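Peer 1: Build me a model:
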Amino acid sequence: MPVYRLFPWGILGIGGILAVYLLAQLPQMEQSLQHRRESVAAFQPNRTKWLTDDRLVDAIAGVPLHSRMLKVGWDHAILAVDLQGGKPERVRDDIGKLVLFAYSDTSNIKQVLIRVYGERGGSRELLLAAETRKDDWTERNLDELRLPLTGDGMELPDHIRFTLTSQGKRWIANFANS
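Peer 2: Take a look at the predicted model:
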């Protein structure tokens, strides 16, 4: 068999060995690329979060609340949240978290409305309603809200205006007595 007939087979064999060698190098190349991606991700610019209809569910789901959310609404820079009432201290903590989310984590919420409902006889009854506006808060007030709240009941900062219903007063009294 002449040599010129073996030449294409030799090139094919060398090409195959070269391909196998290069494929074996892919994991090492990926690790170096992944390292570069991680270092770039650490230097992302600080972005202001805007709450929109499209992002409402994802943004609110990121707020770690004790109480179950019954309803969330977003209309003309007003965030409205309905909560299921549990322990008054936990509800008070949740109200603080929602205010911090609205005025620290986002920049386009002007007012927060929160209603807390209890269950009685298979139907919901309003226990309390809370309202606050962004203009009422300074950075210092928001920093104070980040501190753990002390005391029992529903003592909230003066910047949060809330109204207790007669059922809400009984709700707080029941937890205070237990």
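
Peer 1: Report the central residue of this protein.
Peer 2: Taking C-alpha atoms, centre = their mean, the centroid of the chain lies closest to G62, which sits 1.8 Å from it.

Peer 1: Against T106, how distant is it?
Peer 2: Noted for G62: a distance of 11 Å to T106, by C-beta to C-beta, to the nearest Å. Bear in mind the C-beta positions are built from the backbone N, C-alpha and C, glycine included.

Peer 1: and T138, backbone torsions?
Peer 2: For T138, the backbone dihedrals (degrees, to the nearest 10) come out as phi -110, psi 170.

Peer 1: where does this structure dip in pLDDT?
Peer 2: The chain contains residues with pLDDT under 70 at 1-3, 32-48, 148-156, 177-178.

Peer 1: Sort out which residues of the host helix or strand of R170 are buried, please.
Peer 2: Element membership for R170 (DSSP states H and E) is helix 166-177. For helix 166-177, burial by neighbour count (16 or more other C-beta atoms under 10 Å) applies to G168, W171, I172, F175.

Peer 1: On the three-state scheme, K97 is what?
Peer 2: Of the three states, K97 takes helix under DSSP: H, G, I helix; E, B strand; the rest coil.

Peer 1: Not counting residues beside it along the chain, what's closest to it?
Peer 2: Of all residues not flanking K97 in the chain, V63 sits nearest, at 5.6 Å (C-beta to C-beta, 6 or more residues apart in numbering).

Peer 1: just checking, the one you found touches L98?
Peer 2: Yes: in this structure, V63 is within contact of L98 by C-beta atoms under 8 Å, at 6.5 Å.

Peer 1: Any idea how many residues pack against N141?
Peer 2: Using other C-beta atoms under 10 Å, N141 has 14 other residues around it.

Peer 1: actually A80, not the one I typed
Peer 2: Neighbours of A80 under the rule other C-beta under 10 Å: 15.

Peer 1: Report the contact partners of the nearest residue to it once chain neighbours are set aside.
Peer 2: Nearest-residue entry for A80: G73, 3.9 Å, with adjacent residues in sequence omitted and distances by C-beta to C-beta, 6+ apart. Counting by C-beta atoms under 8 Å, 6 or more residues apart in numbering, G73 touches L79, A80, V81.

Peer 1: Restricted to strands, list the residues you listed.
Peer 2: Taking DSSP state E, the ones among the contacts of G73 that sit in strands are L79, A80, V81.
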